[in-house]
Each structure stands twice: as C-alpha cells, then as structure tokens.
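Visitor: following is a predicted model, sequence given first.
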Amino acid sequence: MALNGTNLAASTSYQQPSTPDTFEGDILDANGLSDADADLVTLQSELPFVDDGQVHFGDVVSRVVQACYAEVTELAETLPGMSDSGRKRKLADFVVAWKKQVVKLYAVAKWSRDADIVQKCMNITAFLMSQSRQFEDVIHGLTYAKESLDPARLRNHDLLTSLDVLTTGSYRRLPTDIKKYIVPPPPLTDEEIAQTLTDVESLIRHRLRIVDIVPIEMSKYRIADGRVFFTVPQLFEVSVSLLGGAKHDAWFFVNVEFLFHVGGDHTGMQEFPRKPVGILKHHFAQEADRLLAYYTPTRPEELQQLPSGLEVPLKKQLPAGMINAPLIRLYNFLQMMSLTYQLEILWFQAERLRSLGWADFLKVEMSADRKTLKVSYWIRQPPINPPAASRFRLPLAGGTLSIALLTSTQPQRSPKSRVLAELQERSKIASADQKPSDTVEGAQWKVQWEPVSGALGVKIRPDDAVLHNHELTIDAGDLDLEHLLRKVIEKHIAGIFNVFLLQLQHGSAFSLPNAVAVVREDGAIALRAHLCADELVIVTIDPRTGRLSLRDTGDLGAAGRGPRFLAITEKLNENPGMLLDALVRLRMNTIIELAEQKANYLGLQTYRNRNFSRDEFAKLGPHARSLLYIQLSPFPNHYLMLVVTDQDFRYALISVDVVTGSVYQSLTMEDIGWLEVERICGHGKEDITEAHLGKRKRDADVVIGPGETSRFRLETHVLRELYAYCCARVAHTKVENQLKARSIPYKHVHPSFFMGSATVPTTLGQVHSTLSHTIPALCVQSKDILAGSPAFEAAMPNIRVIPLSWWSTSASPFAGEHPPQVITLVKLKYVQQPIGRRANAGTSIIRPSKRIVYDANEAIVCFLADQVEGCVDEFLEEWASVSKIVVIAREVARMSKEKQWQDIRLLSFDLQTVEFAYASDYTVAITCKDQLSTGGSYNLRFSRAILSPQPEESADNSQRPHNPHMDAEHFLHSLLSRGKLSQALPAFVSVLRSTVPILEVLEEIKAGTGRRAAVDGDALSKLQEVDIFPKAAGWWRILFGVESDHGLDFRLLAGGRVAILDACYPMFGRAAQPRSIPGVLDPLGLRPIPGMRGALSEAIKASRGRKRRVADIDIGAVCGVDDVRAVGRKVWEGIMQAAPHEEGIIIKDAPS
C-alpha cells in the first residue's frame, strides 16, 4: 500500500500464497508468479476482450452469398427480354465482377486463420495499457499526498505564555478582549455619546481649517456624525475621522463610495458594487489607514500596552522641511482606485460583448499594468490558403478603440483652483522653507480611435476618420463600452458609405438626384439605392461583424430574391470593392425581373438571352445595358425588345433570322424598329400621383422624388398595348409583303375613316382596341386585286384590308383569345338581298360561314382570315367563290325575265350557296370550292321542293321527293366550267330543263315495270333486273333482260331534241350494225332489242295522230323534248309487249 492508500500491484495480477515450499527452489517474477506453476488458462481469462474493428467471417460470407443470389435472381428476370449480344455482355460483366469478389473473399478467408493470434495480441495490448494507466494513477496519488501534507501543519506554540505559566503560575498577558468580555466597562449614555461626537467634529473642523492640507479637489466636504465626508464628483465620496485630539493623531478610514453609474446591460454588475463591502472594504481600509498614518509616530499609551522587551518597528520618519499631508495621499490613492475601477468595468463589458456573439469579431486586450484597454473590431480570420498573387487583401481588423489611464505630477486645475491651493498652503505652512510631504497627482482618460486603412476595401476620407473630444469621453455617470464602441463603428460605417456614395453618384446608373443616399434605416446608418420604380435596395454593414448585407424594401419584392441577395452578400464580403458593380448588376436584374414579371402575368413568352453575336448587339447603340426579349406568339420570328439604358426603357420591334451555315443556330437582327411609347399608348410613362409625391420609405431621411419613381415604371396595360402594337405592325407588314409579291398597289388609310362608321358590320363593331387609332388600314383598288376574277365589276373601287385581334396576348385558342386575323371589306355595287333560311333571322347581317359576314343593307362583304400568312390568297379564294355565287344568283334572277322561264325562281342565297328551282319543283343548290388550287369546281345538290300539301294517302309525303338529276351530278359539273360563268349558267339550266321530261318518263317506266313484276309474281321475272343510269349530262340508259343484255338510250340533242336509241348500235358510224354478233353474248357488248322496230312504228303512228314531231331513224327515233314523255312511254310499252313472257323484268334502282 502506498501512503495515500493506493495499491501498487496490478488488480489483475495473480499472487500465489506464500508457503515455505515456494521459496525453496522456485524464482518469483516481478508479479509474484512462479514459472513452474503458472496457469495459462487463468492468465488468459484475466485479459480484457477487445473486438474493435473486427467482424465475424461467417457474416461476411453470408452477405456475399446473399448479394450474389440477389444479382443472379435479377439476371434471371431481365435476361429473357434482352438481345443475344446484350445477354452475353451482361453475363460477362457479372462473371468478371463476382470473380473479383470471390477472390477477395478467398483472401479474407486466408487472413482469418490468424484471427485468434491477432485477438490475443489485441487483448495483451489492452492489458498493458490498463497497467500503464494504473501506474500513472499511483504517481498522481503520491504527488497529491506530498502537496497536500505540506500546508497541514500546526501553528507555532505560544512560547511566551507557556513560560509565564511555568515560571509565575498565571497569565501575565491576558488579552484585553477577554477582560472586557468578562468584566464589561460601563456603557456611555446618549448625552455622553452626543458630546463625544460634537467634540470629535470640533477637532475635525480645527484640523481641516488650521492644520491639515486638503486637496482642492476635496474642498467639497461636510462634517457630521463624528466624521468628515469628502466628495469628489465622478470619482468617490470618502468618510474619515480622527483617532484622538492630539496634534499628531492620525486620521482613520471609515467608508468610501465610488461615484459612477454603469450604463447599458446591468448583467453581472453585482461584481462591481459602488460601496465596497466585506473583504474588499477591508483591503481598502487597510491601505487607506496605512497611507493616513504613514508619517504618524506611535503614541506613548500604545507603547505602554506592549509587552516589555518587545521591540517596536520604527515608522518612517518625516523628512526635514516636510509637513505631513495624509489627505493628499488618501486622495491620490482613491483617485487611482476609482479610475482603475472604472477601467475594469469597461474591460468586463468588453468581455461580456465577446460572450454575446462578438467573440469571433472583437479582440480585447488589457496591458500588464491594467491601465490601457484596447478593443479591435471587425476581426477577420486570415485565409487558410491565401492566393500567391492576390491583387486585393482585406485587413484583418476594421479599427481599434484604445482607452488609456494617464498619470502625471501636475493635476489639471483651473486658474482659480491653483490660486486657492497656493493660498491654502501659505496659510497652513508656517515657514517658507517647508512644503507638503506629498503632492496631488493628476489622472485623466485618453480615448483614441484608429480606423485601419482599407477596411472593407475602402479608404475613408480624413474628415470621416476623426471624432471630436466631446464624443470620445469616458462618462463616469454612464459607463457603457458598447455605446462608445457602436458610436465609433457607426462613424466608420458612415465614412465607408460616404465613399461608396461619391463613387455611385459619379457613375451613370445612379447619377440622378436622390438615386442613392446615406440614410438612417431602423436606427442604423445605411446606403439606400433606388433601383427602379418602387424598388429599393438597402446596403447595411453589421456593426458586430463588419459584413455587408443587402435587403430589398420594394413594394413588390419577389420571394425568390432572398437567396440571390444572400449570394451577392457572400461575394461582397469576399471582396467589398465590387459593391458598385454589384449594385449596377442588381439594378439591371431587378429591372429585367419586374418587366419579365409583368410579361409573365400577361402570359407572354420572355427570354433574357438570344443567340446573337456581339456585332448584332452593336446595332442597339452604346447605351444598351441589358435586354429582355418578348416573343410575339403569332409571329415567332419577331420580338418586342426592352432595352434597358441608364435612364429608362427603350422599346424596339425586331425581326430575327437564323444565320445560314452557323453551327450553333446563331441569330441575326434583320430589322430593328424603335417604338415611341408616348405616341403609341397616348400616355407612355405613368403620371406620378400624389400618393407617390413625397412618399417616405420607412424611416428613411431622404424623400424619393417623383422623377425617380417614374423611371423604369412599366405598367401592365402599357406592355399589353406595346405587344399588341407590335403584333399589328408585323401583321401589316406581312399583308403588305403579300400585296407587293402580287404587285398590287396599296395605300394607308386613317382608321377613323372606317372604324365606328357604317362601313363596318355591326357584328364587328366591338372588334377593336384602344390602339386602333394608331394602326392604319390598307386600301387597295378592286381592279388591281380582283383582276381576272368573275364578277370583279360587282365590287366598289376601294377595298380595305384591316388586321384584327392583334391586341390579344396569346395566339392559342385555348387561352380564350383569337390569334391575329385580317378582315377585308368589299362593298358591292348593287344590293342583293339574302334569301332563304339565314335571311329569315330578322336581321340584315348574315354569316353564311365562319370567314364571311354579309351586311345586306350596306352591301358589304367582310372576309375574315384566321392567319395573317396567306390572308391575301385566302381572300382571293373566298372572293372567287362568293363572286361566282353572286353571278349565279344574278343570272338566275335574269333568266326568268329574259328567257321567259317562269318556273325558274331563286330559293336561297347567302354568298356561299345559291339554290334555285329550274323546272317545276326540281331544285339545285350550287357551292364553289378550290377556286385557286384547281381552278375552281362546284358542288351540286339536287332535290325537289314541296310546293303544295300532298294528299294524305300519298306514300311519298313523309320525305322530300327524289330528284333524278342527282345521279348525273358528276357529269353536270363540267357544264358550269365551260367558258364564262354568265354564259355557261344558262346552258347548264337549259340542259337541266330539257332533261326533266326524260327523267320523268324514266321514272314512269321504273314505276310501271315495278308494278308489273309485283302483279305477275313469277319466280323467273323476279330474278331479272332492270338498271337505269346516266351515261353523260344528257344521256340515260335502261338495261334490261335476263342477263341485262339489252339497252335503251335516251339522249338529249341540240335544238331541243331527244333521241331514243337501241344501245347496242353506235350512234355514229354504220347503221344497223350491232356491236356484237347476234346470238352470242359478249361481256362488253349488247344485243339488239327484240321488237324494237315494231315498238318504234307504233309510237310514231300514235304521235302523228296527235301532231307530235317524231322522226324515224334506223336505230331509233328522234322527237322533241316536249314529246319525249309520250313517245318514250309508247316505245317502252311496245318493247314490253314484244318481249317473251318468260323474260319478265324486275326493276333495280340505278347506281349513282
């Protein structure tokens, strides 16, 4: 066991019991173990088990196998869906990868064989480290025992008292306190106490006025309660009294109070009381009493109380020619204590600032003599790896505030105080050769501020680096180091911002008055920069860290600017000198961002960059600082470009094109047109209302004038109108280019000439914008644009082309707005009233199609083109269609009068379709299509009108009657395309009218033959078929017979004649020669009709009796149109009578 109780032996060591046999022949080792009887198993069990960093080999094998199995399973699922080469490559990669893993596992298996040896080594190492730690603990215990036993001594024995008791048998030196405790003196009465205090006060008054020299600084005193109270403003108030009434009795210290007040945070100020108490007061009293009695000799009664033979140390003797001045010594001592006390308080406040978050940015140093305090602010850590050739290095500190306590032998006194001090010395010193033993010492504060040159990358002006003496003072009534430090830092910040302000004002971006100013924001100095409109940025410097920070105070501050400002702040704190460039870039980005926000609000597509070369940007002039491209949705190759200059926006309309052969699709500005906002919008820049005039931003000291807020103020409706104007200009340009491509002359017409007047249909009266007065219309002559089209003479000379819907901000129909359109107004020379279903709506405005509007009252046709591109072609195509319909309607109206065709009447007319009756209830509706692509064609829709109520028993009353001309529609198209339409139409109508009797006799044949087949009911006749179909515009054929091998033709001839012919004979060539050999069925030929000649003869005889004009020919007969119905019926009846009974006929509808 050691002296302190520590066991020197290891706790894990094994000790064999001491037996006589042990020491005979065996040698004990250092741990008391015998080599012969040591149990290795027991020793190994005492070793600590250490398994740090070790893993069971079984776990490793299990994880490898599981991973391999998982990958094999994945391969089994994915390989079937892969190609053959992919499967081979995947399997090869799998084999190579897992071969590496298996090799690693094999190596680990080899290493694991030595795991037991490694484990034992690690256990032994841990055991040895534990033994080493135990030895160190023993050493530390012994050292502690040695150090703690030294002061544990008994006090020295009282040898004198022991000798007195042994020689005399009693105490000769009994302490006075014991005597007073056992035999207390009689207490004083109140009168005696008051009298004693009065006597003491008289003695004090005498000493102060006659004997002792009082420092002029302590001339303000009062005597009360048997003591004198000296008050020194801002230093202390001390109370002293006299030990006795003798001339040389000394003063003694009673109490002191330091006259200071701690400002700011009072946390921890209990450590610095104004009135010292306890041990602190005791130290003050000891030192003050020592100084007061420094030259005072020991009184005789004190010497008598001392034991005999005791030598009293001699006090320091007053030098010759000196007069004792104890009060001066007391003043010098308390003055220095008060000032150093205040300095310690300031140091404590500085250290507390460091604990409140200033530690990394504030350095506090106190000199060895505790009389100088230095506080360095804005401390920066030196870079870990500074660049070798850095052009700019920030100082490691922003500045230093030093507070020093200076002492001197000459106190700072006013002339009056010096005179009073001299008079006091002359009155209290009897001889001129004498002088006071001590002199009053002077002490004062020296506060100095030294800003580091180049702090935050700025060298402030000399005027801003100086603080007046009244600003750098230590006020005992308000000790606040933080306030003094913030005052210095605020002065430094103001100096830095003044330099930045001067630099920004000399630049072009912030050259306007009040564009940038140094203001007080939330009680701190800040640099306020006006970016644009209502957007401001406030630049502040943190007084604690000295780091720059930017924040936005705009009314419409975007939420995404926080991270951007944070990134800018980080860059600025690395290099504060780039603040000017950062503000300029931030100003440009904010301007572009606000404009982009307005454009996005309108749904416009914006771009900040386009792939233009540097030479292209030179076209915009030297004042362009930043750009925003707004793509015109209807015209992707055109942009409304916002050019940001130093003063305001400039607007341009540009057209771009891809540079031919460029690798990166470079663009070029083909055309640039600058826009005048005031002329286009009528108001341009918004007037600043009274709400903006004199508007004060938070607590800023500078008012933002109206000139600043109006700059870069882009209102949403202004941007919308500019966008619309650009769309209108592009639409006009494209229309003009189309007219130029066709060599069609045009001229511009003021919008008031047509907008709002009667020339525009009322349905389009609301299709306009507030910018319509700035967009001219195009006027072309009808003889130029309509040359070569039918009925071009129907149009008035002036035709107006007006773009519409260019004010919409979206070209997508899903946005609820129409893309830009073009309307072409054509006024007809004569008024054609609409007829039909659309005309009965109760209004004169009809819209037969989506692209055509017709005003019958004004005879104005409006053609709407949904696309600007190709609008002229679309108009010409629509006009070709409309003009043909107009011609048809006009010619139909003339026919009934000029040709005396009374049954021709116009049924419907709406510029797209004209429908008229050409004979009785036979009607046709004509529409035009493909007027420009294929030269024009017509759609014919034949029907029959219900002119009068049908009898109830009529079977056809449920639906409109069928018009057989519908089957020949394909052949009738060509009749309208032969020559001029005004000439082709009468011929077309004449063919229709002439073929009506033919169709009627065919219908009778069809109906009569069908009734006969139904009555006969013969199975053979039901298997036979009859076909009636057209062969040309005036040619119909009837096929009949068992094999449809007989044919009868009805052909319209010139002069109003109709030929009824046997179809097997050619009409031109050798007569009576059939196309096929009789008796032989030819798939491409027909056989002669049996009994044809007899049927013709009977028909001719019947016609002659009724005076019909009928001519007999070899293969048939020719008759007039009016007689074809009777002749044809008679011929067919004769054919049916001559045909064998077994060849009954069943009618089948003709193919269309």
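Guide: Nice, I can see it. Numbering: from 1, shown residues only.
Visitor: where does the prediction get shaky in the stretch 51-200 of the chain?
Guide: 151-157, 174-177 (pLDDT under 70).
Visitor: name the SS class of Ser508, please.
Guide: When classified by DSSP: H, G, I helix; E, B strand; the rest coil, Ser508 comes out as coil.
Visitor: that one contacts Pro622, correct?
Guide: No: judged on Cβ atoms under 8 Å, Ser508 makes no contact with Pro622 at a distance of 11.1 Å. To be clear about C-beta, it is placed using only N, CA and C from the backbone, and glycine gets the same treatment.
Visitor: between the two, tell me which one has more neighbours.
Guide: Using other Cβ atoms under 10 Å, the more surrounded residue of Ser508 and Pro622 is Ser508, with 12 against 6.
Visitor: ok, that one - contacts?
Guide: By Cβ atoms under 8 Å, 6 or more residues apart in numbering, Ser508 lies in contact with Asp646.
Visitor: and the gap between it and Leu159?
Guide: Here Ser508 is placed at a distance of 98 Å from Leu159 (Cβ to Cβ, to the nearest Å).
Visitor: got it, and Val989?
Guide: According to Cβ to Cβ, Val989 and Leu159 sit 165 Å apart.
Visitor: tell me which of the two has more neighbours.
Guide: Neighbours were counted for Val989 and for Leu159 using other Cβ under 10 Å; Val989 has more, 22 against 8.
Visitor: where does the closest residue to the more buried one other than its chain neighbours sit, in terms of helix or strand?
Guide: Nearest residue to Val989, sequence neighbours excluded (Cβ to Cβ, 6 or more residues apart in numbering): Tyr918, at 5.2 Å. Using DSSP states H and E, Tyr918 falls within strand 913-919.
Visitor: paired strands for that strand, with orientation please.
Guide: strand 905-909 (antiparallel), strand 922-929 (antiparallel) (DSSP bridges).
Visitor: starting from the next helix or strand after the longest one, tell me which strands it pairs with and how they run.
Guide: Proceeding C-terminally, strand 922-929 gives way to strand 937-944 as the next helix or strand, assigned by DSSP H and E. Strand 937-944 pairs in its sheet with strand 922-929 (antiparallel), by DSSP bridges.
Visitor: run through who's touching the strand it pairs with.
Guide: Contacts for strand 922-929 (Cβ under 8 Å, 6+ apart): 880-881, 884-885, 888, 907-908, 912-918, 936-945, 963, 965, 976, 992, 996.
Visitor: likewise for stretch 168-181?
Guide: Residues contacting stretch 168-181 (Cβ under 8 Å, 6+ apart): Leu160, Thr161, Asp164, Val165, Pro307.
Visitor: what of stretch 617-632?
Guide: Residues outside stretch 617-632 that contact it (Cβ under 8 Å, 6+ apart) are 509, 588-589, 591-592, 595-596, 599, 604-608, 610, 638-646, 650, 652, 669, 672, 723, 726-727, 730.
Visitor: ends of it, what's the gap?
Guide: Terminal residues of stretch 617-632 lie 20 Å apart, using Cα to Cα, to the nearest Å.
Visitor: try stretch 231-240
Guide: End-to-end distance of stretch 231-240: 12 Å, with Cα to Cα as the criterion.
Visitor: centre of the chain to it, how far?
Guide: Mean-position distance between stretch 231-240 and its chain equals 67 Å (Cα atoms, centre = their mean, to the nearest Å).
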